[in-house]
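here is a sequence with its predicted model. Questions after.
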Amino acid sequence: MIDLKKTQKLIGEATPVLGRESVPILDAMGRALFEDISVVEDLPASDISALDGYAVCQTSLSGVSPSIPARLRVIGESPAGKPCNAIVGPGDAVRIMTGGLIPEGADTVVKLEDTKEDKGFVLCGADPGWGKGIRFQGESLKKGEVLLHAGDIISPLEVGALATLRRAHVCVYRKPLVAILATGDELSDFHEPASLAKTMCSNLYALAAQVVEAGAIPLILGIVKDDLPAQQALLDEALQADVIITSGGTSKGKYDLVHKAFASLGMEMRFSNIFAKPGKPTIFGIIRKKLIFGLPGNPSATMLSFDQFIKPALFKMMGLHTVFAGSTRGNNDPFAHIDSFNPEQGGNKEHHRASQVPLGNRLSENGRHQKQRSQTNLSSGRLKIVAH
């Protein structure tokens, strides 16, 4: 058996970073850029007004004050998106709105509050100074400047920046396709009737949800019986994915056949047991450059092992910066109290299976559900464990 840090190191070294794909910018949310994004044109592309007011020659404002305003002739208007073709000379002014193009000859914008228009003329009672009120070409971004870098994570802010650059699509790291299957004659799925001899296979859906939460794509292949040829066939089909996760069949019992099924497909075994509970019978290896994780059937062990081993690997495959630094679950999470990887909580030394009763409920002595605040469970440091 090997310890947690060693297993994480082995997985990290074996995990490839996937290639790129081009996606619409909204589909890039939460994903890592594959390449740098450079500015293809100055922003703004031309000199524009930063406020509502009048575009003038600054020399026309010499010596003005509120009591001695300059009287300028209004020769045109430049609203946003509708350029004015007038040429501004001394004694001229163009009415301009925020975002409007600065007309030729103008070099200053006097804000609306310092002006008063009257019968084709405007009285300007202030001299803001040359260039004031103008956003000059390239002031925000210069052509050729790198705006976003490879590895940056796309958030709404980056989406807005990409849209500003007129990038409808962007190259990001490809999402891994993760095949998920469960082994065991004792398991059933939604389409099967309930049976006293069988248990609903919740692991399939819990793992798929964790894959989605990590940002990857789940491929649920369902349940495979404790039959070696059947397991070999389904695992061979699963190799179309980037990652394969199996649940159950990793121990050393008579019907634990996953080891043999993996071996028959030529798996290069990296480890087959870890020094921790729950999760001790965990397998990791490589088949045809695909990552293979064999997890135990214990629901809490399965979810905890995903957090510890598989989630960081998926992050690396998608170009997301991460470290193999232990579970993402905090000490205040209910699972922390049965997490053997959390020594402060004492671990789950007896390897009990977590209760399938919702964490906000508890069972009374007669078996009926009774409401109980989750906060009470957490503050007392206890979580009810029910062996199945």
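Now that the structure is in, tell me what you want to look at.

distance of the residue nearest to residue 10 when sequence neighbours are not counted relative to residue 311?
Closest residue to residue 10 apart from its sequence neighbours, by C-beta to C-beta, 6 or more residues apart in numbering: residue 270 at 5.0 Å. In this view, the C-beta of every residue, glycine as well, is placed from N, C-alpha and C. Using C-beta to C-beta, to the nearest Å, residue 270 is found at 17 Å from residue 311.

compare these two (neighbour count), which wins?
When residue 270 and residue 311 are compared for neighbours, residue 311 comes out ahead with 21 against 17, by other C-beta atoms under 10 Å.

tally of neighbours for the nearest residue to that one once chain neighbours are set aside?
Nearest-residue entry for residue 311: residue 214, 5.0 Å, with adjacent residues in sequence omitted and distances by C-beta to C-beta, 6+ apart. Neighbours of residue 214 under the rule other C-beta under 10 Å: 23.

what is the strand or helix carrying residue 237 packed up against?
Residue 237 is part of helix 228-238 when elements are defined by DSSP states H and E. In terms of contacts (3 or more C-beta pairs under 8 Å, 6 or more residues apart in numbering; DSSP states H and E), helix 228-238 is packed against strand 177-183, strand 217-224, strand 243-247, helix 258-264.

for this protein, which segments count as helices?
4-14, 156-164, 202-214, 228-238, 258-264, 299-305, 311-317, 374-380 (DSSP state H).

need the contact list for residue 285.
Shown in contact with residue 285 (C-beta atoms under 8 Å, 6 or more residues apart in numbering): 262, 267, 268, 269, 270, 292.

of all those residues, which comes closest to residue 105?
Nearest to residue 105 among these is residue 292, at 71.4 Å by C-beta to C-beta.

per-residue confidence at that closest one?
According to the prediction, residue 292 has pLDDT 93.

for residue 37, same thing?
Confidence at residue 37, expressed as pLDDT, is 95.

isn't residue 313 right up against residue 292?
No - using C-beta atoms under 8 Å, residue 313 is not in contact with residue 292; the gap is 11.2 Å.

what sits in contact with each of these two?
Listed as contacting both residue 313 and residue 292 by C-beta under 8 Å, 6+ apart are residue 243.

could you check how far the residue nearest to residue 10 is from residue 288?
Using C-beta to C-beta, residue 270 is found at 15 Å from residue 288.

can you list the weak-confidence ranges in the chain?
The chain contains residues with pLDDT under 70 at 1-3, 249-256, 272-281, 321-388.

got the domain boundaries for this protein?
With domains defined by automatic domain parsing, the chain comprises 4-18+175-317, 20-40+148-173, 48-135.

CSV for these, including distance to residue 142?
Listed next are the domains of the chain as CSV, based on distance: least, C-beta to C-beta, whole Å:
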stretch, distance to residue 142
domain 4-18+175-317, 31
domain 20-40+148-173, 6
domain 48-135, 13
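
which among these is found nearest to residue 141?
Nearest of the domains of the chain to residue 141, taken as C-beta to C-beta: domain 20-40+148-173 at 4.6 Å.

shouldn't the residue nearest to residue 311 be in contact with residue 316?
No - counting by C-beta under 8 Å, residue 214 stays clear of residue 316, with 11.1 Å between them.

does residue 71 really touch residue 121, like I thought?
Yes - Residue 71 is in contact with residue 121 according to C-beta under 8 Å; the separation is 5.4 Å.

burial of the residue nearest to residue 177 when sequence neighbours are not counted, as a residue count?
Spatial nearest neighbour of residue 177, excluding adjacent residues (C-beta to C-beta, 6+ apart): residue 241 at 4.3 Å. If you count neighbours by other C-beta under 10 Å, residue 241 ends up with 20.

what's the answer for residue 15, then?
Neighbourhood size, residue 15 [other C-beta under 10 Å]: 19.

with residue 106 instead?
Residues near residue 106, counting by other C-beta under 10 Å, number 28.

and it, what does it touch?
Contacts here follow C-beta under 8 Å, 6+ apart; on that basis residue 106 touches 55, 56, 57, 88, 94.

how about it: what's its closest non-neighbour residue?
Per C-beta to C-beta, 6+ apart, closest to residue 106 is residue 55, 3.8 Å.

so residue 46 makes contact with residue 103?
No - using C-beta under 8 Å, residue 46 is not in contact with residue 103; the gap is 10.9 Å.

between those two, who's got more neighbours?
Each of residue 46 and residue 103 has its neighbours counted (other C-beta under 10 Å); residue 103 has more, 24 against 12.

hang on, that one packs against residue 89?
No - counting by C-beta under 8 Å, residue 103 does not reach residue 89; the two are 10.6 Å apart.
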